[in-house]
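Enquirer: Here is the input, now give the coordinates:
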Amino acid sequence: MTITVDVVVVGTNQRALAAAIESARSGKRVLVIARTRGRELRRRIRRARGVAGAAASKRITVLTGAEVECIAGIRA
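Expert: Prediction:
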């Protein structure tokens, strides 16, 4: 599966979800990456989507059980 997004948000704390909501409200497609898959995470995401509103909520995709690793300084 391939999706195209404008913004990638790593994490699900309040600041991360606020950034995802604001980006979605401004018309951007947002991917939220979360390490965990627990019940609390689902509750937080549901709450954030409710705050965002229906239109913005459709622009937010959540990927759980993932880690992001940044590698800098690699030369081809």
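Enquirer: Let me see the ranges of the helices in the chain.
Expert: Residue ranges of the helices in the chain, as given by DSSP state H, are 14-25, 39-52, 54-57.
Enquirer: Mean pLDDT lowest where, among those?
Expert: Per-stretch averages of pLDDT across the helices of the chain put helix 39-52 at the bottom, with a mean of 87.
Enquirer: Spatially central, which residue of the protein would that be?
Expert: For the chain, the residue sitting closest to the mean C-alpha position, by C-alpha atoms, centre = their mean, is V32 at 1.4 Å.
Enquirer: Please tell me I have it right and that residue contacts V5.
Expert: No: with the criterion set as C-beta atoms under 8 Å, V32 and V5 do not qualify as a contacting pair; they are 9.8 Å apart. For the C-beta atoms, the positions are set from N, CA and C on the backbone; glycine is no exception.
Enquirer: Can you work out which residues contact both of these two?
Expert: Taking C-beta atoms under 8 Å, 6 or more residues apart in numbering as the contact criterion, the common neighbours of V32 and V5 are T61.
Enquirer: If we ignore the residues flanking it in sequence, what's nearest D6?
Expert: Distances taken as C-beta to C-beta, 6 or more residues apart in numbering place K28 nearest to D6, at 3.9 Å, with adjacent residues excluded.
Enquirer: any idea how far V7 is from the one you found?
Expert: Spatial separation of K28 from V7 under the definition C-beta to C-beta, to the nearest Å is 5 Å.
Enquirer: picking up where we left off before, for the residue nearest to the centre of the chain, give the beta-bridge partners.
Expert: Beta-bridge pairing of V32 under DSSP bridges involves V9, V62.
Enquirer: mind checking which of the helices of the chain is nearest C70?
Expert: Using C-beta to C-beta as the criterion, the shortest distance between C70 and the helices of the chain is 15.9 Å, found for helix 14-25.
Enquirer: Kindly calculate the angle that that closest one makes with helix 39-52.
Expert: Orientation of helix 14-25 against helix 39-52 (axes from the mean of the first three to the mean of the last three C-alpha atoms, to 10 degrees) gives an angle of 40 degrees.
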